[in-house]
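Peer 1: Quick one, structure for this:
(chains A and B)
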There are 2 protein chains.
Amino acid sequence: MDATEVDAALFDVFGTMTDWRSSVTAELAAVGARTGLTADWAGVTDDWRRLYRPYLGKIITGAMPWRPLDEVHRLMLDEVLPRHGLDALGEAERAELVRAWHRLRAWPDAAAGLESLHQGRLITGTLSNGGVGLLARLTKHAGLRFDCILSAELARSYKTDPRVYLTAAGLLDVEPHRVLMVACHPDDLEAAARVGFRTAYIPRPLEWGPDAPPVAPPSGVDLVADDVPALAQALRV
Amino acid sequence: MDATEVDAALFDVFGTMTDWRSSVTAELAAVGARTGLTADWAGVTDDWRRLYRPYLGKIITGAMPWRPLDEVHRLMLDEVLPRHGLDALGEAERAELVRAWHRLRAWPDAAAGLESLHQGRLITGTLSNGGVGLLARLTKHAGLRFDCILSAELARSYKTDPRVYLTAAGLLDVEPHRVLMVACHPDDLEAAARVGFRTAYIPRPLEWGPDAPPVAPPSGVDLVADDVPALAQALRV
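Peer 2: Numbers count the residues shown, from 1 in each chain, chains lettered A, B, ... in the order given. Okay, the predicted model is just below:
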């Protein structure tokens, strides 16, 4: 793909730009240490995150009314904690843990790659299931510079609903075929491609931890880059 | 006002952060030079901008359906050009001039003040009548770093409609009384205050040029600062 063919690059955030697993596990362990509870904290994080697709799927299909991601995260947490013998975790701790998703750490390459992209011609933005407020806090906390914050919330749905991608392109006033979606998740890229976006894949083999099975790279994407600086290099125009 | 009382600072853009008058006048003059037309270009700019409040007022009251600011700017331009004997300006030039509002220059103090604020605790954002795409392009072009881009477009209305301010606070997930509105226009600050926002006034005596009559500072604002760095200093927490 020639970089002159796009005007904006929109990034998935949970997984593609941030290491949610180690960040949330550290916050769970800190809450556990404070409250005297023990558990396989990485296992709690993984189980929490595994409920993500099923819950969002219910909202996308209309089986559950739309609600902000913080509320979805809370429902998922309340379902996961008893499975790990953590029913005793109180209201204040649960609310604090939901906010852990506002404080994720960036992957080490992400900030530098975004700064490079910011120097170029393309408009950069998030396109995440996180809410606008969550993303503003997260990107500030993590040192990730985007030209704008776009969220599935602005379509009152979640990825991979096509309306999420089309709403973002409409707000940017850029034709869908001139928007590049950047993600480490094949389903996100496939959904973006279905509405006409161009697509770039960045593998994040550590997303689910060092012992996770390898993810097969998607076929049919326009670009593959090892990390965000490599993407910026490929998009230099 | 104690800076710990707010979590976000939202900025008006046309006038408060950017010098629309000299920017648009320069683009009009450039188009004039290219097409062999002459006019009082600053006068054209002023007349164009004077139609802003009447047009947006029609949309806020429902007398005209909502449409993106680029389209409103075009209607206003088409009304102003004949008054200055500029009927001959063609379609391409009119479209280019509407995009002049995407390329405004920042006031000399604005970028440095925003960088200082970015280092602090508050979330910074635009809250402008410009569309999301316009604002993303403008802030990138002008070197203005905001943590997020918020626009009246997200409420499908225009300032001073209270829904614009409440939609922004809702998307940030911040209570209205913990949001600071920053503007050089008293009516913007008064409307923000009516929905519970805190308010900061920055005078921009050159907004309408060096010969414009002085603007009386508004009463009842929480903060007055000479420029954006002075505001950042006042908000240091």
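Peer 1: Where does pLDDT dip in chain A?
Peer 2: A:237 (pLDDT under 70).
Peer 1: Quick one: name the residues of it near chain B.
Peer 2: Within chain A, the positions adjacent to chain B are A:68, A:70, A:118, A:123, A:125, A:131-137, A:139-140, A:145, A:147-150, A:153-154, A:171-174 by C-beta under 8 Å from any C-beta of the partner chain. Just so you know, the C-beta spots here come from the backbone N, C-alpha and C atoms, and that holds for glycine as well.
Peer 1: Any chance you could list what contacts stretch A:56-67?
Peer 2: Stretch A:56-67 is touched from outside by A:55, A:72, A:129, A:156-161, with contacts defined as C-beta atoms under 8 Å, 6 or more residues apart in numbering or on different chains.
Peer 1: Redo these as a markdown table? Include secondary structure and neighbour count.
Peer 2: As requested, those are exported to a markdown table (DSSP: H, G, I helix; E, B strand; the rest coil; neighbours: other C-beta atoms under 10 Å in any protein chain shown):
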| residue | secondary structure | neighbour count |
| --- | --- | --- |
| A:Tyr55 | helix | 18 |
| A:Val72 | helix | 21 |
| A:Asn129 | coil | 23 |
| A:Arg156 | coil | 15 |
| A:Ser157 | coil | 19 |
| A:Tyr158 | coil | 24 |
| A:Lys159 | coil | 23 |
| A:Thr160 | coil | 21 |
| A:Asp161 | coil | 18 |
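Peer 1: of those, closest to chain B?
Peer 2: A:Arg156 (11.4 Å; C-beta to the nearest C-beta).
Peer 1: and A:Thr124, helix, strand or coil?
Peer 2: Reduced to three states with DSSP: H, G, I helix; E, B strand; the rest coil, the structure at A:Thr124 is strand.
Peer 1: Which positions are bridged to it in the beta structure?
Peer 2: Taking DSSP bridges as the rule, A:Thr124 bridges to A:Ala9.
Peer 1: Would you check that it makes contact with A:Asp147?
Peer 2: Yes: counting by C-beta atoms under 8 Å, A:Thr124 does reach A:Asp147; the two are 4.9 Å apart.
Peer 1: Common neighbours of the two, please.
Peer 2: By C-beta under 8 Å, 6+ apart, the residues touching both A:Thr124 and A:Asp147 are A:His118.
Peer 1: thinking again about what came up before, just the residues of chain A next to chain B: which are in strands?
Peer 2: Those of those mapping onto strands are A:123, A:125, A:148-150, per DSSP state E.
Peer 1: out of these, what pair is the most spread apart?
Peer 2: Pairwise distances among those were taken by C-beta to C-beta; the largest, 11.9 Å, belongs to A:Ile123 and A:Ile149.
Peer 1: of the two, who's got more company?
Peer 2: Using other C-beta atoms under 10 Å in any protein chain shown as the criterion, A:Ile123 and A:Ile149 rank with A:Ile149 on top: 29 against 24.
Peer 1: show me what contacts the more buried one?
Peer 2: So A:Ile149 contacts A:125-126, A:132, A:135-136, A:139, B:147-149 (C-beta under 8 Å, 6+ apart).
Peer 1: quick check, nearest of those to B:Arg178?
Peer 2: A:Ala136 (13.9 Å).
Peer 1: didn't the closest one look like it was pressed against B:His118?
Peer 2: No: using C-beta under 8 Å, A:Ala136 is not in contact with B:His118; the gap is 11.4 Å.
Peer 1: what is in contact with these two at once?
Peer 2: In contact with both A:Ala136 and B:His118: B:Asp147, using C-beta under 8 Å, 6+ apart.
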